[in-house]
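> okay, here's the prediction I keep looking at, along with the sequence it came from:
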Amino acid sequence: ASASASASASATRAWNGSAWVEDARRGRPPSAEHWTGATPARAASDTSGGASGGRGSGDDVIAGVGSFGYGGYQDEVKLEDARARAERERVEQEKWARWEAEDEEREQRRAEKKAEKKAEKRAEKEKSRAKRWNKYDDAWVALEASSLSSAPLAYDDVPWPPKMNELLEREAGGADASDRDWKLAYHRCVKRWHPDKFTARFRARIDAGADAAKIAERVEAVAKALTIAYAQR
């Protein structure tokens, strides 16, 4: 009875992955037979390196202690195998990091190309806008030069501003123009676009044509846009 109590006292319980088992080796990882169910004789045969093809006694191994053993393995694993696995994982991590960097670089190139196209479109739009305003200026020079002409003035013969709400700002020299520049620009524009002044200047040609009412309506709209723009500057 004393011997039995002593043996029980020296035993420890260990989890073999499915049940608690008794292990007499206090403080040490359970042996392979706790995990694999092998008998001491079989374990000796497996490590003898004989004709059965077992692992030699000179191999470095990592013994399991948890549900999946040391390092996440269920059975004993050779140290060189663990190192090989770690190397494969390192290589794979480097591969994914490289792929992610390449993805980021491609995305950056796409963003840069998109920004370039946007800038090109903006420049093209500004170029077209400038071209329309230059055409407007040239058309007014031609119209004023023909003020003594008796030819009928049609609606399409009048050089209408490309953008009525931009006319005063352009004439003033930009949004940052001084108050004096805004005022001078307003007076120049009103001199040209005030309905009474416009009609008095081109009355004979307007009356000779068929678009008098249409022209008068559009001239009134331009004059109103100038007044609003000057008040809101």
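Sure thing, it's come through.
> can you pull the contacts of G173?
For G173, the contact set (CB atoms under 8 Å, 6 or more residues apart in numbering) comprises D181, A185. (C-beta placed from N, C-alpha, C; glycine too.)
> and it, what's its pLDDT?
The score at G173 is 93. That number is its pLDDT.
> distance of it relative to S150?
37 Å (CB to CB, to the nearest Å).
> please apply the same query to S128.
35 Å.
> ok, those two, which is more surrounded?
A direct count of neighbours by other CB atoms under 10 Å for S128 and S150 places S128 higher, at 11 against 8.
> OK, contacts around the more buried one?
By CB under 8 Å, 6+ apart, no residues touch S128.
> do you know how far it is from K135?
Applying CB to CB, the value for S128 to K135 is 11 Å.
> A101 now?
From A101 to K135 the distance is 51 Å (CB to CB).
> repeat for A177
From A177 over to K135 the distance is 23 Å, taken as CB to CB.
> neighbour count winner among those two?
Counted by other CB under 10 Å, A177 and K135 do not tie: A177 has more neighbours, with 17 against 12.
> hang on, the more buried one in a helix?
No. Counting by DSSP: H, G, I helix; E, B strand; the rest coil, A177 is located in no helix; its state is coil.
> that one touches A185, doesn't it?
Yes. Taking CB atoms under 8 Å as the definition, A177 is a contact partner of A185 at 7.3 Å.
> which stretches of this structure form strands?
Ranges of strands in the chain, per DSSP state E, are 12-15, 20-23, 61-62, 77-78.
> next, count neighbours for Y136.
Y136 has 16 neighbours, counted by other CB under 10 Å.
> tell me if I'm right that it and P159 touch.
Yes. Contact criterion CB under 8 Å: Y136 and P159 qualify, at 5.3 Å.
> would you check how far apart the closest residue to V158 other than its chain neighbours and Y230 are?
Of all residues not flanking V158 in the chain, I215 sits nearest, at 6.1 Å (CB to CB, 6 or more residues apart in numbering). According to CB to CB, I215 stands 23 Å off from Y230.
> and for P159?
21 Å.
> and for K183?
Separation of K183 from Y230 (CB to CB): 8 Å.
> which one's more surrounded, the two?
More neighbours surround Y230 than the other of K183 and Y230, with 17 against 14 (other CB under 10 Å).
> mind listing what D181 touches?
Counting by CB under 8 Å, 6+ apart, D181 makes contact with A172, G173.
> use 46 as the first number from now on
Got it, the first residue is 46 from now on, which makes the last one we talked about D226.
> and it, how far is that from N210?
Per CB to CB, D226 is found 18 Å from N210.
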